[in-house]
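J.: Quick one: sequence plus predicted model below, questions after.
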Amino acid sequence: MNFLADYHTHTIFSRKPFLPFLHAKGSLEDNIKTASKLGLKEMAITDHGFNHKYFACSRKNLKTTKQEILRLSQKYNIKVYFGVEANFLSQDGTIDVTKKDMEYLDIVLCGYHKLAKPKTLRDKFKIFVPNIFANHFGTSKKLLQRNTEMIVNALDKNNIDIITHPNNKMRCDLAAVTKKAVEKGTLIELNEKHCCFTENEIKTMLTLGAKFVVDSDAHKPEKIGKFKKMENLIQKYNIPEDRIVNLNSLPEFINVKRNSQNKS
């Protein structure tokens, strides 16, 4: 399969000095150089959002990181988007990306991470803590509803380009999420590391008009552009190639389109 891009990669940009051996291993240049050598047309640097407890990227470095990405993009002759993997923070749809952040960011990915700092104590004890137990004992109908509302409300309130690894560590009503994603033009990720879809869920999302993007979620440069598991899933469930935006083609992201319109 001819994948032209990988839009979910992590770097040491969000690795903390007191946790030097955890999380991502490669530098900005390591990731970009690797993607270029693989012959990818596009890639993205998408480190964790600002409310992650341990691996959050820093707002104070956004400007210099953007400048460095532009320099490396030219050096290695590959289109590189500067993004962030934001966090769902609240049932009301809050995520940890602001309008000011978007002065530097090209795209916004967003996913659920159990180590994100919730917006309120209510969100912590109504969503985050119950989902830890749900991973062992199952998700109740009430929790499923709260999880789903969090994602749907976030899609309504924010320009989210990609929902990352849905159903990973937080189950949701994928039909409701897909309907809103299709309405907003948001892509649903097929994540090489964390793909948690059943055959029936894939069929439902296809029926509702979902568009998918295949990403590596690479935390090491050598994992970039490696999609073997997702290639097998695509074949197994007969996902049409024209529903996968980085297979034989390249997508137009919500935020890229919006930024272009604002400049013109």
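T.: On my side now, so go ahead.

J.: Now do the helices in this protein.
T.: In the chain, the helices defined using DSSP state H lie at 28-37, 62-75, 121-123, 129-137, 141-157, 174-184, 199-207, 228-236, 254-263.

J.: Which secondary structure elements does the first one sit against?
T.: With contacts defined as 3 or more CB pairs under 8 Å, 6 or more residues apart in numbering; DSSP states H and E, the secondary structure elements packing on helix 28-37 are strand 42-48, helix 62-75. Glycine gets a C-beta too; all of them are placed from N, C-alpha and C.

J.: so how far is that helix from its chain's centroid?
T.: Mean-position distance between helix 28-37 and its chain equals 19 Å (CA atoms, centre = their mean, to the nearest Å).

J.: again with the fifth one
T.: Average the C-alpha atoms of helix 141-157, do the same for its chain, and the two points are 17 Å apart (CA atoms, centre = their mean).

J.: Run the angle between it and helix 174-184 for me.
T.: 10 degrees (axes from the mean of the first three to the mean of the last three CA atoms, to 10 degrees).

J.: Check which residues of helix 141-157 are buried.
T.: Buried residues in helix 141-157, counted by 16 or more other CB atoms under 10 Å: 143, 144, 146, 147, 148, 149, 150, 151, 152, 153, 154, 155.

J.: go on, the third one?
T.: In terms of neighbour count (16+ other CB under 10 Å), helix 121-123 has its buried residues at residue 123.

J.: any residues touching that helix, and which ones?
T.: Outside helix 121-123, the residues that touch it by CB atoms under 8 Å, 6 or more residues apart in numbering are 89, 90, 91.

J.: And for residue 179, the neighbour number?
T.: For residue 179, the neighbour count with other CB atoms under 10 Å is 17.

J.: sorry, that was for residue 99
T.: With neighbours defined by other CB under 10 Å, the count for residue 99 comes to 6.

J.: separation between it and residue 163?
T.: From residue 99 over to residue 163 the distance is 20 Å, taken as CB to CB, to the nearest Å.

J.: cool, residue 184 as well?
T.: According to CB to CB, residue 184 and residue 163 sit 10 Å apart.

J.: what do those two both touch?
T.: Each of residue 155 lies in contact with both residue 184 and residue 163 under the rule CB under 8 Å, 6+ apart.

J.: picking that back up, among the contacts of helix 121-123, which one sits closest to residue 133?
T.: residue 91 (17.5 Å; CB to CB).

J.: Enumerate every residue touching residue 51.
T.: Applying CB under 8 Å, 6+ apart to residue 51 gives the contacts 87, 89, 96, 116, 117.

J.: picking that back up, neighbour-wise, which of residue 184 and residue 163 wins?
T.: The neighbour count for residue 184 versus residue 163, taken as other CB under 10 Å, is higher for residue 163 (24 against 15).
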